[in-house]
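Peer 1: Make a model of this:
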Amino acid sequence: MSRVQEASIRRRPSIEEVLERVSLWRGRAVRARPLSGGLTNANFLVEADGDRYVVRIPGADTELLAVDRRNERHNAEAAATTGVSPRVLAYLDDVCVMVLEYIEGETMSGERLRDPANIPRIAASLRRLHAGPRFLKDFDMFRTVEYYLGICDERGIRIPEGYREREGDLRAVERALSARPLPTVPCHNDLLAENYIDDGSQLWIVDFEYSGNNDPCFELGDTAQECGFDDDQREALCAAYFGEATPALLARMNLQALMADVGWTLWAAIQEAISDIEYDFWGWAVERWERAESIFSSQRFERWLAVAADG
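Peer 2: Alright, predicted model coming up:
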């Protein structure tokens, strides 16, 4: 994976600076308040004469996390055409600040999404997103892992013990998934629970920093991992999305869930070194790696490799 070519955003603009520059609310009474939950960016709810907007101000040095803001903007605008993602209403190119349509609804949690009634709703929203316009670039977690390891090497960033010893296992996963690949679709690729918003009618999908065309099983496996799905819930999600939950599809989904942990382990390690957000990124990196290690060391891992490769 090549280095992201865009310039690093070394200093976040303040919300006050942003408010002065966006023409959407010029001449209107405007107020802003922070929205909680972001682990990379600063998010604000802006109200202008009763209308609501979301302002996303990117964090510094996010190119080290493999975030390409041009790709993100293109993909967010493409995703909005499917009706499952908010519209991009304004954009400040020089600081990559995005103004989004405000979606009235509940930010979801893993507990809520584990409700059996919500699993078909997840699948329905993902099918709509995946049927939409192709995204600007592809996303490949194996290449992203290589990129992250390069960043860690360049900057002397610590990573969990034993990580590099699994290089052979990562190659085995890539071989298994490449044996009978699925057509790629436009994927979000970072579907933790908080990136779903329930408006009472559908689940909206937000935050396209890591979006790109990818294997749909990565999308399913990643969200299953992030939301703490057990085997039955994973099978239900697979069946709701594909119309069936074959052993090969489930094995593929589970290997991609494993790769989500492998990749986001390094993401968290880099965040520990560069982020000014108060969060235990190192603890999160260790937790994710321990979960990945438990799979690598299990009999399930070899079985998934064989079944996925056989298709």
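
Peer 1: Helices of this protein, residue ranges please.
Peer 2: Taking DSSP state H to define them, one finds helices in the chain at 15-21, 69-80, 110-113, 119-130, 141-155, 167-179, 216-226, 231-242, 247-274, 281-296, 299-310.

Peer 1: Looking at the third one now, give me its mean pLDDT.
Peer 2: Averaging the model's pLDDT scores along helix 110-113 yields 97.

Peer 1: a markdown table please, covering the helices of the chain and showing distance to Ser201.
Peer 2: Glycine gets a C-beta too; all of them are placed from N, C-alpha and C. Shown next, in a markdown table, are the helices of the chain (distance: least, Cβ to Cβ, whole Å):
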| stretch | distance to Ser201 |
| --- | --- |
| helix 15-21 | 31 |
| helix 69-80 | 17 |
| helix 110-113 | 15 |
| helix 119-130 | 10 |
| helix 141-155 | 32 |
| helix 167-179 | 35 |
| helix 216-226 | 20 |
| helix 231-242 | 17 |
| helix 247-274 | 27 |
| helix 281-296 | 33 |
| helix 299-310 | 35 |
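
Peer 1: what about this protein, any weak spots by pLDDT?
Peer 2: Within the chain, the stretches with pLDDT under 70 are 1-11, 37-39, 60.

Peer 1: So which residue is smack in the middle of it?
Peer 2: When the chain is reduced to its mean C-alpha position, the nearest residue by Cα atoms, centre = their mean turns out to be Asp190, at 1.4 Å.

Peer 1: Can you verify my assumption that that one contacts Glu209?
Peer 2: Yes - at 6.7 Å, Asp190 counts as touching Glu209 under the criterion of Cβ atoms under 8 Å.

Peer 1: so of the helices of the chain, which one's packed in deepest?
Peer 2: For those, average neighbour numbers computed from mean count of other Cβ atoms under 10 Å are highest in helix 216-226, which has a mean of 26.

Peer 1: which residue sits closest to the residue nearest to the centre of the chain in space, ignoring its chain neighbours?
Peer 2: Closest residue to Asp190 apart from its sequence neighbours, by Cβ to Cβ, 6 or more residues apart in numbering: Tyr210 at 4.4 Å.

Peer 1: now do Ala260
Peer 2: Asp222 (4.2 Å).

Peer 1: how close does the one you found sit to Ser298?
Peer 2: 20 Å (Cβ to Cβ, to the nearest Å).

Peer 1: same thing with Leu258?
Peer 2: The gap separating Leu258 from Ser298 is 10 Å, by Cβ to Cβ.

Peer 1: so what are the domain limits for the protein?
Peer 2: Per the record's domain assignment (automatic domain parsing), the chain is made up of the domains 15-103, 107-310.

Peer 1: Give me the nearest residue to Val262, chain neighbours excluded.
Peer 2: The spatially closest residue to Val262, leaving aside those adjacent along the chain, is Ala292, at 5.3 Å (Cβ to Cβ, 6+ apart).

Peer 1: Show the contacting residues for that neighbour.
Peer 2: When contacts are counted by Cβ atoms under 8 Å, 6 or more residues apart in numbering, Ala292 touches 166, 258, 261-262, 265.
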